[in-house]
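# Provided below are the primary sequence and the corresponding predicted coordinates.
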Amino acid sequence: MDAAQFQQLMQQMQQGLAPLAAPPQPFPAGAFALTPGQANPANPIDYTTSSGIKVWIESTAPLTFKFSALGKEVNTFCEQLMRRAVKQGWNLAPANIIDIPDGDAENRNVINEYGRLTNENIRTHVTTYIATNTRQSQNNVQMFECVMNSLSREGQLTILAEQDKYYITVANVDYPCGPLLFKLLMQKAVIDTRATASLLRENLSSLDTYMSSIQSNIEDFNKYVKMNYEGLKARGERCDDIMINLFKGYMCASDGEFVRYMKQKKDSYDDGTDMTPEQLMTFALNKYEILSKQDLWNAKTAEQEQIVALTAELGKIKDANLKFAKTLKSGKPGKRDGSKKDNPKGKTKPKGKKSQKDKYAWKRIPPKDGDSKTKTVDGVTYRWCEEHPCWVTHSLDDCKVRQKRLAELASRDSNSNNASANTASYANALSAIITDLENQE
């Protein structure tokens, strides 16, 4: 720029007619990329340069966990490998090694649709470039080394002595094949037969049973669902009833608050709210984690705590009565004989005078097998009542405890959908039983 041009530019800037900074210059063709591995996919990488060596190190580095070729790890392994493929440009034309044509010449993603590609599909496609000096052949070796470096010792043992299944021979030279190695690992991790899809679909249709088998662990439940659901998709199968099965499984969780929350989600979904299986599983997991962190997962309601307390108290009273009845039946009155254990000061009770409990202790002694359940004492007829249990003067039909129990059963049968009312009634019945037992003593 000469002096005249500079002077003219200064005048334009003062008048606001010229930009304060020079406009950005466009990148040379093929120079811009989101990651180093995505740059210039049509050109081979020069591994003699420092930038080329960095690309090699990043592309072949192991994934964040070691794959043991187990079915439960497949989803995580595929997700991480696909991220590496995108980052390193393995899916970019013309260096694409991920999309492989199937028998109908339709491209399939070998990572996400491994079940729809045969070994022969992969081998035929890879043979077209594996021995060429192209970026595609370089990407193939990068994928191979990445997968190998990401295997655990157990994973390596699963493919031991099977190199012929993931090497391709061209002109008497053996070349490693990344897609074939991945396909072999999937075959080891997941039994891939015609019955596999049916088995996966059956697993998804019985999620309610599976929820009970894992003690309502929502995190494990979601992993199980995803493993089966992704397995179906990898084989090109559809699962249109996945949402129905998910709701059915969540409704069988043991936590009442969680079930109420999922019922709200189901009502919203039934009313037309758009929701994917992934979103529903995220909602469920978030709710589970919140309740768990607040120690509210499977927390008892006030009615349930009342029932537990009353049941425990009833058990104590029954145990005490049973123990006392056995003591009297064996002829060993124990503490009721006025011994020094009961009366450490050595005081004895006046002869001929019995305490009220001693006087009616016989009421707790049940009749022996074959004996009559009716007897007369001091001119009063008594009957043995299984509801109390003791000798009473009322008839079985007039037993208040039995009437309350029968009324409770009838109420529970007629109001099976009202859990809170049943709980309160049951608690009241227990309370009445305890009161009657205490009044009999």
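Yes, it's here.

# spatially speaking, which residue is in the middle of this structure?
Note on the chain: the residue nearest the mean C-alpha position is residue 221, at 2.3 Å, using Cα atoms, centre = their mean.

# which strand or helix spans it?
helix 218-234 (DSSP states H and E).

# now residue 42
Under the assignment given by DSSP H and E, residue 42 is not contained in any helix or strand.

# what about it, neighbour count?
Other residues within reach of residue 42, judged by other Cβ atoms under 10 Å, total 12. Any C-beta I mention is one placed from the backbone N, CA and C, and that applies to glycine too.

# again, but for residue 239
18.

# in a helix, it, correct?
No - counting by DSSP: H, G, I helix; E, B strand; the rest coil, residue 239 falls outside a helix, being coil.

# and the pLDDT for the nearest residue to it once chain neighbours are set aside?
Residue nearest to residue 239 in three dimensions, not counting chain neighbours: residue 232, with 5.2 Å by Cβ to Cβ, 6 or more residues apart in numbering. pLDDT for residue 232: 84.

# now do residue 271
pLDDT recorded at residue 271 is 94.

# repeat that for the one 3 residues further on.
Reading off the per-residue confidence, residue 274 sits at a pLDDT of 93.

# gap between it and residue 259?
Using Cβ to Cβ, to the nearest Å, residue 274 is found at 23 Å from residue 259.

# distance from the helix holding residue 221 to the middle of the chain?
10 Å (Cα atoms, centre = their mean, to the nearest Å).

# and the next helix or strand after that helix, what's buried?
Helices and strands here follow DSSP H and E; after helix 218-234, the next one along the chain is helix 242-250. For helix 242-250, the neighbour count (16 or more other Cβ atoms under 10 Å) marks 242, 243, 245, 246, 247, 248, 249, 250 as buried.

# repeat for stretch 163-179
Residues of stretch 163-179 classed as buried: 166, 167, 168, 175, 176, 177, 178, 179 (neighbour count, 16+ other Cβ under 10 Å).

# in helices only, show me the residues you listed.
178, 179 (DSSP state H).

# how about residue 250, nearest residue that isn't a chain neighbour?
Counting by Cβ to Cβ, 6+ apart, residue 250 lies nearest to residue 262, which is 4.2 Å off, once chain neighbours are set aside.

# strands of the stretch 1-150 of the chain, start to end?
Here the stretch 1-150 of the chain has its strands, by DSSP state E, counting those that start in this stretch, at 99-101, 107-109.

# dump the ones you listed to CSV, plus mean neighbour count and mean pLDDT.
Formatted as CSV, these follow (neighbours: other Cβ atoms under 10 Å; pLDDT from 0 to 100):
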stretch, mean neighbour count, mean pLDDT
strand 99-101, 18, 96
strand 107-109, 17, 94
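
# show me which of residue 274 and residue 259 is the more surrounded one.
Taking other Cβ under 10 Å, residue 274 and residue 259 do not tie; residue 259 has more neighbours (15 against 7).

# for that one, what are its contacts?
For residue 259, the residues meeting the contact criterion (Cβ atoms under 8 Å, 6 or more residues apart in numbering) are 250, 251, 253.

# mind putting the strands of the stretch 1-150 of the chain into JSON lines with distance to residue 137?
Supplementary listing: the strands of the stretch 1-150 of the chain in JSON lines, determined by distance: least, Cβ to Cβ, whole Å:
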{"stretch": "strand 99-101", "distance to residue 137": "15"}
{"stretch": "strand 107-109", "distance to residue 137": "19"}
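
# quick one: which of these is nearest residue 65?
strand 107-109 (21.6 Å; Cβ to Cβ).

# what comes into contact with the closest one?
98, 99, 100, 101, 102, 116, 117, 121.

# any idea which element the residue nearest to residue 250 lies in?
Here residue 262 is assigned to helix 256-270, by DSSP H and E.

# and the angle for that helix with helix 218-234?
In terms of direction (axes from the mean of the first three to the mean of the last three Cα atoms, to 10 degrees), helix 256-270 departs from helix 218-234 by 30 degrees.

# sorry, back to before: out of the contacts of strand 107-109, which comes closest to residue 365?
The closest of the contacts of strand 107-109, once distances to residue 365 are taken by Cβ to Cβ, is residue 116, at 78.3 Å.

# any idea how far residue 398 is from the nearest residue to that closest one once chain neighbours are set aside?
Leaving aside its chain neighbours, residue 116 sits nearest to residue 236 (4.6 Å; criterion: Cβ to Cβ, 6+ apart). When distance is defined by Cβ to Cβ, residue 236 is 72 Å away from residue 398.

# residue 241 now?
Separation of residue 241 from residue 398 (Cβ to Cβ) stands at 56 Å.

# kindly report the same for residue 224.
Distance from residue 224 to residue 398, by Cβ to Cβ: 56 Å.

# more crowded one of the two?
The residue with more neighbours, out of residue 224 and residue 398, is residue 224; 20 against 11, by other Cβ under 10 Å.

# any idea which element the closest residue to the more buried one other than its chain neighbours lies in?
If the residues on either side of it in the chain are set aside, residue 224 comes closest to residue 210, at 6.2 Å by Cβ to Cβ, 6+ apart. Assigning secondary structure by DSSP H and E places residue 210 in helix 207-213.

# which elements pack onto that helix?
Judged by 3 or more Cβ pairs under 8 Å, 6 or more residues apart in numbering; DSSP states H and E, the packing partners of helix 207-213 are helix 218-234, helix 242-250.

# averaging pLDDT over each of these, which comes out lowest?
Among the helices and strands packed on helix 207-213, helix 218-234 scores lowest, at a mean of 88.

# so what does it touch, helix or strand wise?
Partner elements for helix 218-234 (3+ Cβ pairs under 8 Å, 6+ apart): helix 74-87, helix 194-205, helix 207-213, helix 242-250, helix 277-293.

# what residues does the last one touch?
Around helix 277-293, the neighbours that count as contacts under Cβ under 8 Å, 6+ apart are 218-219, 221-222, 225-226, 229, 242-243, 246-247, 250, 255, 257-258, 261-262, 265, 269, 297.

# so where's the chain shaky on pLDDT?
1-31, 191-195, 300-306, 308-309, 324-357, 410-441 (pLDDT under 70).

# ok, residue 44 to residue 162 distance?
30 Å.

# out of these two, which sits in the busier spot?
Under the neighbour definition other Cβ under 10 Å, residue 44 and residue 162 were set side by side, and residue 44 has more, 15 against 12.

# how about the contacts made by that one?
133, 134, 135, 138.

# great, nothing more from me.
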